[in-house]
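Asks: Build the 3D model from these lines:
(chains A and B)
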Amino acid sequence: MTHIIVDTLVFGSLLAIVALGVNLVYGLLQFANFAHVEFVTVGAFLAYELTRTGMPLVLAGVGSALLTALLAAGLHLGLFRWLEHEGANSKMIASVGVAIMIRAAIPLLFGGDSHDIGGDPSVLFSLGDTEVTSLEVTILATTLVMMAALHLALTRTRLGTAVRATAQNRALATTRGINAERVILLVWMIAGAFAAVAGVLVAMQNQVRPSMGLSLMIPVFAAATVGGLGSAYGAVAGGFLIAFVQNVALALDFGGFQLPTDYKDLVALVVLVTVLMIKPTGLARSATA
Amino acid sequence: MIDYIEGNAILVLIYALVALSLNFQLGMAGLLNYGQIAFFLVGAYAAAIVVQHTDPGWMELLGIPAGAALGALMTLPVRRLSQDYWWLVTLGVAEILRLFLESEEGIANGPSGVVGIEPLASQGTYLWILAGIVLLSAIASERIRRAPYGRALRVLREDEAMASALGRDVFSLRLRVMMLGGAMAAGAGMLYAHYFSFVSPDQFTSGETFLIFLMILLGGQGNTLGVLIGVVLVQTTSEATRFVAQWVDLGSDRIGNVRLFVYGLVLVLVILWRPQGLLPERKRRYRDRRAASSTAPSAPNGEGALVAAQEA
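Replies: As a prediction, the model looks like this:
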């Protein structure tokens, strides 16, 4: 039983920090960036390349987060800034193009192989019917610190207030002297950095793989949407909800039939449709979209 | 050589059918359907399953209503909801359907797929049959575009509230366009299975859907001829890269990725520089017959909804 809780917390927090980025960007630009999960792959590969130069994993993770943040900022400056006045469909399709480019570029730049990134887990303590590893503690600690830091930044700093103000009403924020363009750039960078860190953590669990972003796509976007597009807190709630239902559904024994793990995306999709049927704005009450 | 050209022409025509089917949804109704390949898969697997289980051959025609039913099924969750997440449902359904066929080996051999689907005619004849089908579909799609139903779809694309205000049932419009596109793509999938004679799950990844997106966006959303041009351009350049691969000796993997990268880039550039595509959708302009023609405002670009609304 406890293994469901541990797995939910670990996977949920990973989903949360990726889905956060989707929703932060959505809050400002009103479109779901399809390429967002590719930042996960980019982050993992950059960190792997950095460790190969002899850099310790923690530093490599920070470095990769910074580089991915720059990539995300570049994406905004080079592309999405120019689509500001286009409809959501145009931005969505453009982000599909970007996702395809990143997906194709990764094997071209880094090769198509999988790699170990290190950080081998050791068992720390047992909890009920499961053993908690150092890696699981690392993932939980890192993601919780990141979420707490983001929460404090959004609520306690001037820049965070500016981000929230711009998301709520950009025109009004601009008249109050907020540089909306700078706010948007900052949010892109946070989104990229968070996804990159998630990439490093996922790589420590499994491996660095060209397909790692793609395999997170459906749960991440489901988490973002279930939570309420545009809502940062909703993304966190959505991440944990999706992770929880997935783990429970896979652990259940339906009278001799067990759901194969291949179908965990199906579970995410069912949660998505069910929640939105009941509450079309998603879990977060404040969803403005 | 003739064989090779004929083979490619057949593929172009099959893709043309899929592109026309997606154009109803994306180009006319503005629906972001990221799961179009699912319908294609349904049609192709209808043919495959009939071969696998030696049912009577006509049974595979059930794939076409199955495509329409899947389209209806995908539309149900949007009944009350915005499009903001609907694309995720379509994408998810397509991926899960593929996964399902991959893991349930009893249905159609799982990942190894089904071989030996009989051709319906010799290659040369098949080409002409397909050309006829595509021509009919193009004419039908033009007629639908100009019919009141097509105009209502365009109103829906430009402004959902406007469509409701004009008394259109938004849900029914979407439902019908998904069923229509689904049935058409399933038919294309069936024709594909009989040409290729081999069907396996990895022919139906969502990458294929995005290839069709590229064809439509490059050619011109909502413009039937434009869509066909987009199909020809993308499919021939895709074939051409095989020859380039032989010259430059890059290895098929790398060439595949370079090609994918270029496709992504073209998609982005089209949206940046020519969002209407090579052949833009033609918009009919109406003048108020009573007012003098000089005072009639010509609709600027942003007022598509108004123009479409007047048409409807």
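Asks: what's A:Gly199 in contact with, if anything?
Replies: A:39-45, A:47, A:64, A:68, A:212-213 (Cβ atoms under 8 Å, 6 or more residues apart in numbering or on different chains). In this view, the C-beta of every residue, glycine as well, is placed from N, C-alpha and C.
Asks: With B:Val42 instead?
Replies: B:63, B:66-67, B:70, B:97, B:182, B:186, B:189.
Asks: How about the residues of the stretch 151-300 of chain B by chain A?
Replies: The stretch 151-300 of chain B comes close to chain A at residues B:207, B:210, B:213, B:217, B:253-254, B:257-261, B:263-268, B:271-272, B:275, as judged by Cβ under 8 Å from any Cβ of the partner chain.
Asks: What is the burial count for residue 188?
Replies: I'll assume chain A. Other residues within reach of A:Trp188, judged by other Cβ atoms under 10 Å in any protein chain shown, total 27.
Asks: try again with chain B
Replies: 29.
Asks: repeat for the one 10 residues further on
Replies: Other residues lying near B:Phe198 total 13 when counted by other Cβ under 10 Å.
Asks: who does it bridge with?
Replies: B:Val115 (DSSP bridges).
Asks: which residues are contacting the host helix or strand of B:Leu233?
Replies: Using DSSP states H and E, B:Leu233 sits within helix B:224-248. For helix B:224-248, the external contacting residues (Cβ under 8 Å, 6+ apart) are B:8, B:11-12, B:15-16, B:19-20, B:23, B:27, B:134, B:138, B:141-142, B:145, B:211, B:214-221, B:251-252, B:255, B:258-259, B:263, B:277-281.
Asks: Show the buried residues in those residues.
Replies: B:11-12, B:15-16, B:19-20, B:23, B:27, B:134, B:138, B:141, B:145, B:211, B:214-221, B:255, B:258-259, B:263, B:277-279, B:281 (16 or more other Cβ atoms under 10 Å in any protein chain shown).
Asks: State the three-state secondary structure for the residue lying closest to A:Ala195 once chain neighbours are set aside.
Replies: Spatial nearest neighbour of A:Ala195, excluding adjacent residues (Cβ to Cβ, 6 or more residues apart in numbering or on different chains): A:Phe39 at 3.6 Å. Classification of A:Phe39 using DSSP: H, G, I helix; E, B strand; the rest coil returns helix.
Asks: Could you list which residues are in contact with A:Phe39?
Replies: Contacts of A:Phe39 (Cβ under 8 Å, 6+ apart): A:21, A:68, A:71-72, A:191-192, A:195-196, A:199, A:213.
Asks: Please identify the helix or strand for A:Phe240.
Replies: Here A:Phe240 is assigned to helix A:232-251, by DSSP H and E.
Asks: Wondering if the next helix or strand along the chain from that helix reaches chain B at all.
Replies: Following helix A:232-251 in sequence order, the next helix or strand is helix A:264-278 (DSSP H and E). Yes. Against chain B, helix A:264-278 shows contacts by Cβ under 8 Å from any Cβ at A:265-266, A:268-269, A:272-273, A:276-277.
Asks: Give me the pLDDT value at residue 91.
Replies: No chain specified, so I'll use chain A. Confidence at A:Lys91, expressed as pLDDT, is 93.
Asks: I was after chain B.
Replies: 92.
Asks: who are the neighbours in contact with it?
Replies: A:217-218, B:34-35, B:206, B:209.
Asks: Neighbour count, pLDDT and distance to A:Leu229 for the residues you listed - can I get that in CSV?
Replies: CSV is the format used below for those (neighbours: other Cβ atoms under 10 Å in any protein chain shown; pLDDT from 0 to 100; distance: Cβ to Cβ, whole Å):
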residue, neighbour count, pLDDT, distance to A:Leu229
A:Met217, 23, 93, 16
A:Ile218, 23, 93, 15
B:Tyr34, 25, 93, 16
B:Gly35, 26, 92, 19
B:Ser206, 21, 89, 21
B:Thr209, 24, 92, 22
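Asks: These: which two are farthest apart?
Replies: Between any two of the contacts of B:Leu91, the greatest separation by Cβ to Cβ is 14.5 Å, found for A:Ile218 and B:Thr209.
Asks: how about a markdown table for the contacts of B:Leu91, with secondary structure and distance to B:Arg154 added?
Replies: As requested, the contacts of B:Leu91 are exported to a markdown table (DSSP: H, G, I helix; E, B strand; the rest coil; distance: Cβ to Cβ, whole Å):
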| residue | secondary structure | distance to B:Arg154 |
| --- | --- | --- |
| A:Met217 | helix | 31 |
| A:Ile218 | helix | 31 |
| B:Tyr34 | coil | 21 |
| B:Gly35 | coil | 22 |
| B:Ser206 | helix | 27 |
| B:Thr209 | helix | 23 |
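Asks: what's the closest of the residues you listed to B:Leu175?
Replies: So of those, ranked by how close each gets to B:Leu175 (Cβ to Cβ), first place is B:Gly35, at 15.6 Å.
Asks: unless I'm mixing things up, the closest one is touching B:Thr205, no?
Replies: No. Between B:Gly35 and B:Thr205 there is no contact under Cβ atoms under 8 Å: 11.3 Å.
Asks: The stretch 1-150 of chain A against chain B: which residues are in contact?
Replies: Residues of the stretch 1-150 of chain A lying near chain B (Cβ under 8 Å from any Cβ): A:32, A:79, A:82-83, A:86, A:88-90, A:92-94, A:96-105, A:107-108, A:112.
Asks: Going by neighbour count, which of the residues you listed are buried?
Replies: For the residues of the stretch 1-150 of chain A next to chain B, buried by 16+ other Cβ under 10 Å: A:32, A:79, A:83, A:86, A:88-90, A:92-94, A:96-105, A:107.
Asks: Now intersect these with the helices, please.
Replies: Per DSSP state H, helices hold the following members of these: A:88-90, A:92-94, A:96-105, A:107.
Asks: On the pLDDT front, check residue 198 for me.
Replies: You didn't pick a chain, so chain A it is. At A:Ala198, the pLDDT recorded in the model is 97.
Asks: Chain B was what I was after
Replies: The score at B:Phe198 is 92. That number is its pLDDT.
Asks: Quick one: which of the contacts of A:Gly199 is the most crowded by neighbours?
Replies: A:Ala44 (34 neighbours).
Asks: And for that one, nearest residue in space, chain neighbours not counted?
Replies: Using Cβ to Cβ, 6+ apart, the closest residue to A:Ala44 is A:Gly199 (3.7 Å).
Asks: What residues does residue 40 make contact with?
Replies: You didn't say which chain, so I picked chain A. Neighbours of A:Val40 in contact, by Cβ under 8 Å, 6+ apart: A:18, A:195-196, A:198-199, A:202, A:212-213, A:216.
Asks: my question was about chain B
Replies: B:18, B:185-186, B:188-189, B:192, B:204, B:208.
Asks: any idea which of those is closest to chain A?
Replies: Nearest to chain A among the contacts of B:Phe40 is B:Glu208, at 12.0 Å by Cβ to the nearest Cβ.
Asks: mind checking which helix or strand the closest one is in?
Replies: helix B:206-219.
Asks: quick one: secondary structure of the closest residue to B:Ile133 other than its chain neighbours?
Replies: Using Cβ to Cβ, 6+ apart and skipping the chain neighbours, the partner closest in space to B:Ile133 is B:Leu17 (6.9 Å). Of the three states, B:Leu17 takes helix under three-state DSSP.
Asks: any idea how far B:Leu17 lies from chain A?
Replies: Noted for B:Leu17: a distance of 21 Å to chain A, by Cβ to the nearest Cβ, to the nearest Å.
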